[in-house]
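Enquirer: Structure for the following, please:
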Amino acid sequence: MIRSATLLLGSTGRAVLNAIGAIGAVALFAAQTIGQIARPPFYWREFVSACITIGYFSLPVVGLTALFTGGALALQIYAGGARFNAEAVVPSIVAIGMVRELGPVLGGLMVAARVASSIAAEIGTMKVTEQIDALVTLSTNPMKYLTVPRVLAATLTVPVLVLIGDIIGIMGGYLVGTSRLGFNAAAYLQNTADFLEFWDIASGLVKGAVFGFIVALMGCYFGMTSGRGAQGVGAATKAAVVAASVLILAANYILTEAFFTA
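Expert: This next block holds a predicted model:
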């Protein structure tokens, strides 16, 4: 009995210590990345390439996700509002829900699924094939060359994706509202504009920047620390997506608490 309890406490302690160590390693990696941003040189070609890969090529998946989410949200709010004779709130709730929560969170999760895995696989493969060692041999800082451009590009482009996703999501609700739910087109747009405030939109863009930073950071961190061989790269890719998704949801709660709690 005592031996079992000791083993249980030992395994629990090791798990806690490993978790604390992982959090510390990620925090140190993030601090090093931020510290390297302002130091020359800056690799503009890598930065522009990352902006195109992370931002432009993520537009289809983010746009489609936002479109169908906005349409489904309009249907759900209408069905719920009908129980209280409050169907008129559909335009305002769709707009607020998209720009405050669903646009940033779903956009961040879609980018995490697409970008964090791609970055982790790319950098992990470079580590396995010793290309990162070659960069060091050529007096090139791997963090400056690989991590900084990707993290900065994601931090700047994901808010743009969120803004575009917000517009498409609201238009998805508009299309469903006017074609399926019988709303007047002009009245729907007017209600949307009347109830949206500047901080609703701005808070979503701030969330997008934070989520972009998280996505790229997790991809770079797990790529840099991946194990050897194909199995190691695969494990790093999976871990990057899981960690980015969980951190996005946690950061979303923290930011919502900070922005909208008096």
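Enquirer: for the helix or strand hosting Thr157, packing partners?
Expert: Assessed by DSSP states H and E, Thr157 sits inside helix 148-179. Applying 3 or more C-beta pairs under 8 Å, 6 or more residues apart in numbering; DSSP states H and E, one finds that helix 148-179 contacts helix 2-37, helix 44-54, helix 59-81, helix 90-97, helix 103-111, helix 185-195, helix 198-224. Heads up, the C-betas are built off the backbone N, CA and C, glycines and all.
Enquirer: With respect to Ala134, which of those helices lies nearest?
Expert: helix 198-224 (14.8 Å; C-beta to C-beta).
Enquirer: Can you read off the pLDDT for Leu8?
Expert: As predicted, Leu8 sits at a pLDDT of 69.
Enquirer: And stretch 210-228, how far out from the chain middle?
Expert: Remark: stretch 210-228 is offset 12 Å from the chain centroid, using C-alpha atoms, centre = their mean, to the nearest Å.
Enquirer: ok now do the residue lying closest to Ala121 once chain neighbours are set aside, which residues does it touch?
Expert: Leaving out its chain neighbours, the residue that sits closest to Ala121 by C-beta to C-beta, 6 or more residues apart in numbering is Thr237, at 4.8 Å. Neighbour list for Thr237: Ser117, Ala120, Ala121, Gly124, Phe222 [criterion: C-beta atoms under 8 Å, 6 or more residues apart in numbering].
Enquirer: What is the burial count for the second one?
Expert: By the other C-beta atoms under 10 Å criterion, the neighbourhood of Ala120 contains 30 residues.
Enquirer: what do you get for the first one?
Expert: By the measure other C-beta under 10 Å, the count of residues near Ser117 is 22.
Enquirer: likewise the last one?
Expert: By other C-beta under 10 Å, 28 other residues sit near Phe222.
Enquirer: The fourth one too?
Expert: Counted with other C-beta under 10 Å, the neighbours of Gly124 add up to 28.
Enquirer: On the pLDDT front, check it for me.
Expert: 90.
Enquirer: which stretch of helix or strand covers it?
Expert: helix 117-128.
Enquirer: residues in contact with the nearest residue to Pro104 once chain neighbours are set aside?
Expert: Nearest-residue entry for Pro104: Lys207, 3.9 Å, with adjacent residues in sequence omitted and distances by C-beta to C-beta, 6+ apart. Applying C-beta under 8 Å, 6+ apart to Lys207 gives the contacts Pro104, Val105, Gly108, Val162, Ala251, Asn252, Leu255.
Enquirer: measure Lys207 to Thr12 for me?
Expert: Between Lys207 and Thr12 the distance is 34 Å, computed by C-beta to C-beta, to the nearest Å.
Enquirer: which phi and psi does Leu138 have?
Expert: phi -90, psi 20 (degrees, to the nearest 10).
Enquirer: begin at 2 from here
Expert: Yep, numbering from 2; the last one is Leu139 now.
Enquirer: Give me the neighbour count for it.
Expert: Neighbourhood size, Leu139 [other C-beta under 10 Å]: 8.
Enquirer: measure it to Ile133 for me?
Expert: Counting by C-beta to C-beta, the gap from Leu139 to Ile133 is 11 Å.
Enquirer: swap in Met219?
Expert: With C-beta to C-beta as the criterion, Met219 and Ile133 are 18 Å apart.
Enquirer: cool, Gln191 as well?
Expert: When Gln191 is compared with Ile133 (using C-beta to C-beta), they lie 55 Å apart.
Enquirer: same question, Leu248
Expert: Plainly put, Leu248 is 24 Å away from Ile133 if you go by C-beta to C-beta.
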